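*Asks:* 3D model of this:
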Amino acid sequence: MRFATQDGPGIRTTIFFKGCPLCCAWCHNPESQRFLPDRVYFEERCRHCLECAGVCPQHAIGEVDGRVETSDACDYCGTCAGICMAEARQILGRRYTLTELIAEVERDLIFFDDSGGGVTLSGGEPLSQPGFVSAFLRACKEREIGTVIETCGFAQAETFLSTALLADRILFDLKLMDPEQHRLHTGVRNEAILRNLEALLARRHAVTVRIPVIPGINDSEEAMAQFAGYLSGLPPVPVTLLPYHRTGIAKYVRLGREYALEATPQPAAADLERFREVLTRAGLQVTVGG
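*Replies:* Alright, predicted model coming up:
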């Protein structure tokens, strides 16, 4: 994603790596959860010409009760996407070599230089591909391109530190403090995540903690107190509250997946301010993001 302005300083190019060890109920990039390519179907664009069904090698596409559907026989080959003139079918995710990805980034050097921007590695979870990410970060450093990693923090400690410390700044997502609640809503417990955050801060690396504020999940008085108590006991670290939004719901429809938080509203400004005040009273530097 070019010309990004929310994922670090200046004008940035954000690279979304596929694959994530978490499966957060509120994830707004569900297409990045799998390590392999995903297929998406834009029903509103479909002309029902069924040319896709005619070329599908697996005979996985057909019309059922007026709807064009794809069966589990699909192997994500992309033949249907290649023939669809309406772009109703697309395959998300492709392989890059290091040379190819650096070439994509270098197209934007003039914007980085003028704005103090650079590259942000997002996902998915970039640190789930540590070998490639490490090589990419070193290549960026050689070219004096600023780098930021967005991470959930879930990785083996040695791998996490050796890769994350190559970036200029870490945007570290902290979702819940209670280990069992964290497992319930993300699929994993959070002990390793907290250890990795503490290790980063012990090395005085540039880190911003980001808390996605999800109504009914992590915005109770108890949850806010847990965040405040934990973060106030760490070396000083800026905190950004990220209000939950519903813009990713359409992605679940296109992926043919159910969205677990269909009834969850976006947080009100007053609720975000209440959260901010709890953290501020604990001595933390807090901003509310977009």
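*Asks:* what count of nearby residues applies to residue 117?
*Replies:* 24 (other C-beta atoms under 10 Å). The way it works is simple: take the backbone N, C-alpha and C, and place the C-beta from them, glycine included.
*Asks:* swap that for residue 63, sorry
*Replies:* Neighbour count of residue 63, defined by other C-beta under 10 Å: 11.
*Asks:* please apply the same query to the one 10 residues further on.
*Replies:* One way to gauge burial is a neighbour count; for residue 73, by other C-beta under 10 Å, it gives 11.
*Asks:* what does residue 133 give?
*Replies:* Burial measure for residue 133: 22 neighbouring residues, criterion other C-beta under 10 Å.
*Asks:* contact partners of the helix or strand where it lies?
*Replies:* Using DSSP states H and E, residue 133 maps to helix 130-142. In this structure, residues lying in contact with helix 130-142 by C-beta atoms under 8 Å, 6 or more residues apart in numbering are 17, 98, 101-102, 105, 118-119, 121, 126-127, 146-147, 149, 155, 159, 162-163, 166-167.
*Asks:* okay, the following helix or strand past it in CSV with CA atoms only?
*Replies:* Per DSSP H and E, the first helix or strand lying C-terminal to helix 130-142 is strand 146-151. Taking C-alpha atoms only, strand 146-151 is exported to CSV below (Å, rounded to 0.1, in the frame of the first residue of the first chain):
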residue,chain,number,x,y,z
GLY,A,146,13.7,3.9,7.3
THR,A,147,11.8,0.9,8.5
VAL,A,148,9.0,0.1,10.9
ILE,A,149,7.6,-3.3,11.9
GLU,A,150,4.0,-3.8,13.1
THR,A,151,3.9,-6.9,15.2
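*Asks:* how about the next helix or strand after strand 146-151: buried residues?
*Replies:* Sequence-wise, the next helix or strand downstream of strand 146-151 (DSSP H and E) is helix 157-164. Applying a neighbour-count criterion of 16 or more other C-beta atoms under 10 Å, one finds 160, 161, 163, 164 buried in helix 157-164.
*Asks:* run a quick neighbour tally on residue 4.
*Replies:* Applying other C-beta under 10 Å, we find 16 other residues in the vicinity of residue 4.
*Asks:* pretty sure it contacts residue 11?
*Replies:* Yes. Residue 4 lies in contact with residue 11 (C-beta atoms under 8 Å); the separation is 7.5 Å.
*Asks:* mind listing the shared neighbours of these two?
*Replies:* Joint contacts of residue 4 and residue 11 (C-beta under 8 Å, 6+ apart) do not exist.
*Asks:* who touches residue 223 in this structure?
*Replies:* 176, 177, 178, 217.
*Asks:* list only those of these flagged as buried.
*Replies:* Buried residues within these, counting neighbours by 16+ other C-beta under 10 Å: 176, 177, 217.
*Asks:* take those and keep only those in strands.
*Replies:* In this view, the buried ones among the contacts of residue 223 have no member that belongs to strands under DSSP state E.
*Asks:* for ChimeraX, write the selection for the buried entries among the contacts of helix 130-142.
*Replies:* Of the contacts of helix 130-142, the buried ones can be selected in ChimeraX as follows, counting by 16+ other C-beta under 10 Å:
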select :17,101,102,105,118,119,121,126,127,146,147,149,155,163,166,167
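*Asks:* in this protein, where is pLDDT below threshold?
*Replies:* Counting by pLDDT under 70, the chain contains low-confidence ranges at 290.
*Asks:* and the helices in it?
*Replies:* Assigned by DSSP state H, the chain shows helices spanning 51-55, 79-83, 98-106, 109-115, 130-142, 157-164, 179-186, 191-202, 221-232, 249-255, 269-281.
*Asks:* columns distance to residue 171 on top of those, output as a markdown table?
*Replies:* Shown next, in a markdown table, are the helices of the chain (distance: least, C-beta to C-beta, whole Å):
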| stretch | distance to residue 171 |
| --- | --- |
| helix 51-55 | 39 |
| helix 79-83 | 32 |
| helix 98-106 | 18 |
| helix 109-115 | 18 |
| helix 130-142 | 14 |
| helix 157-164 | 11 |
| helix 179-186 | 17 |
| helix 191-202 | 11 |
| helix 221-232 | 15 |
| helix 249-255 | 21 |
| helix 269-281 | 17 |
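*Asks:* how about those helices, which one is nearest residue 34?
*Replies:* Comparison of these against residue 34 by C-beta to C-beta identifies helix 249-255 as nearest, at 9.6 Å.
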